[in-house]
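Student: Have a look at this prediction, sequence included:
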Amino acid sequence: MKRILKAFIFDLDGVITDTAEFHYQAWKRLADEEGIPFTRKDNEELRGVSRERSLELLLGGREYTAEEKKLLMERKNQYYQELIATITPDDLLPGAADLIKNIKENGYKLAVASASKNAKTVIKNLGLVEAFDHISDGYSVEKGKPAPDLFLFTADKMGVLPESCAVFEDARSGIKAAQAANMLAIGIGPVDRVGAADYVYDTIADVDLNEILE
Ligand code: B16
Ligand code: MG
C-alpha cells in the first residue's frame, strides 16, 4: 500500500547539525581523563543513544558505582555544553535549511525528535525555534531509541498517524526506532551505518524529496 506522507521528523545530532562531533569531543575528553581508550570509531556506536547508555558503552564493563557514573555523566555534559554554546546558524549542515524550507513550503508538518536533553539549546542557537511544529527531546519519553517511543510521541504531538511520517536519521538506533514506529526511515550517512533505511543518502544535502514523495 502506498504511504501518504503528512509529516517529516528530523533527528538533530548528525542530521541538522554536526553535534555528533561535539559529543565525541566531550566523551573523548572524559575518557582521556579516566584513562579509558576511546576512538572516533567507538563513538559511532554512541550516535542516537542516550547519555546513560553511551556511558555504559564507553566504560565497557569497567566497575564504577552509580554515584561515580552520575558524576561522569555530569562532567561529560558540562564539556558538551561548553561546546554547544559556540553554535550559531552557520553550524547548520549544508542543505539542512533548504530541505526544512522546502518541506514547510509544500505544506507538510515538521518536527525534531532528538534523544538529547540539550536539543532545545542547540535548536535555539541554530536559530530554528520557529521552524518546527514540535520539538521532542531527551526529556520527552522514558525509553530512548531504538525503542519507537520518541517518534510515536512526536507523531502524536503533531496529530499525525505514525505511518504518515518520514524520519531523517543518522544513527543505526534511530533507523530501528523509526521502523519500529512504522514510519518511513531515511538514512543519512554510510550504508554500513544506516543501510537498513528505506532510503539512504550520504549527506542531508543529497536528499531528493521528489524521490521520497514519488
Ligand atoms: P545528551 P540525536 C543524541 O541526539 C546523540 O546522537 C547521542 O550521541 C547522545 O548521547 C544523545 O543525543 C543524548 O544527548 O547527552 O545531550 O542528552 O542524534 O537523537 O539528536
Ligand atoms: Mg543523530
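Tutor: Thanks, I have the structure now. Ligands and ions are numbered 1, 2, ... in the order given.

Student: Quick one: mean pLDDT for the longest helix seen in the chain?
Tutor: What stands out as the longest helix in the chain, according to DSSP state H, is helix 66-84. Per-residue pLDDT over helix 66-84 has a mean of 98.

Student: now do stretch 145-156
Tutor: 97.

Student: With stretch 44-63 instead?
Tutor: Throughout stretch 44-63, pLDDT has a mean value of 92.

Student: in that stretch, what counts as buried?
Tutor: 44-51, 53-55, 58-59 (16 or more other Cβ atoms under 10 Å). C-beta: built from backbone N, CA, C; applies to glycine.

Student: Could you see whether ligand 1 lies near it?
Tutor: Yes. Judged by Cβ under 6 Å from any ligand atom, stretch 44-63 and ligand 1 are in contact via 46, 47, 48, 49, 50, 51, 54.

Student: any idea where the helices of the protein begin and end?
Tutor: Here the chain has its helices, by DSSP H, at 19-34, 40-44, 51-59, 66-84, 96-105, 119-126, 149-158, 172-180, 191-194, 209-213.

Student: Can you add distance to ligand 2 and give the ones you listed back as a markdown table?
Tutor: As requested, these are exported to a markdown table (distance: least, Cβ to the ion, whole Å):
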| stretch | distance to ligand 2 |
| --- | --- |
| helix 19-34 | 6 |
| helix 40-44 | 11 |
| helix 51-59 | 12 |
| helix 66-84 | 14 |
| helix 96-105 | 13 |
| helix 119-126 | 10 |
| helix 149-158 | 11 |
| helix 172-180 | 6 |
| helix 191-194 | 10 |
| helix 209-213 | 19 |
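
Student: Widest-spaced pair of the residues of stretch 44-63 next to ligand 1?
Tutor: Within the residues of stretch 44-63 next to ligand 1, 47 and 51 form the most distant pair, 12.7 Å apart (Cβ to Cβ).

Student: low-confidence ranges in this protein?
Tutor: 1 (pLDDT under 70).

Student: now do 90
Tutor: 1-3, 20, 44-45, 47-49, 214 (pLDDT under 90).

Student: quick one, domains of it?
Tutor: Following automatic domain parsing, the chain resolves into domains at 7-17+89-213, 20-84.

Student: So which of the residues of stretch 44-63 next to ligand 1 is the closest to residue 19?
Tutor: Closest approach to residue 19 among these (Cβ to Cβ): residue 47, at 10.5 Å.

Student: Could you verify my assumption that that closest one touches residue 171?
Tutor: Yes. Counting by Cβ atoms under 8 Å, residue 171 is a contact partner of residue 47 at 3.9 Å.

Student: what sits up against stretch 155-162?
Tutor: Residues outside stretch 155-162 that contact it (Cβ atoms under 8 Å, 6 or more residues apart in numbering): 6-7, 9, 109, 111, 133-134, 136, 148, 151-152, 164-165, 181-183.

Student: For residue 149, which non-adjacent residue is closest in space?
Tutor: Once flanking residues are discounted, residue 149 sits nearest to residue 141: 4.2 Å by Cβ to Cβ, 6 or more residues apart in numbering.

Student: OK, contacts around that neighbour?
Tutor: Neighbour list for residue 141: 147, 149, 150, 153 [criterion: Cβ under 8 Å, 6+ apart].

Student: what separates the closest residue to residue 189 other than its chain neighbours from residue 62, distance-wise?
Tutor: Spatial nearest neighbour of residue 189, excluding adjacent residues (Cβ to Cβ, 6+ apart): residue 170 at 4.9 Å. According to Cβ to Cβ, to the nearest Å, residue 170 stands 28 Å off from residue 62.

Student: Understood, closing this out.
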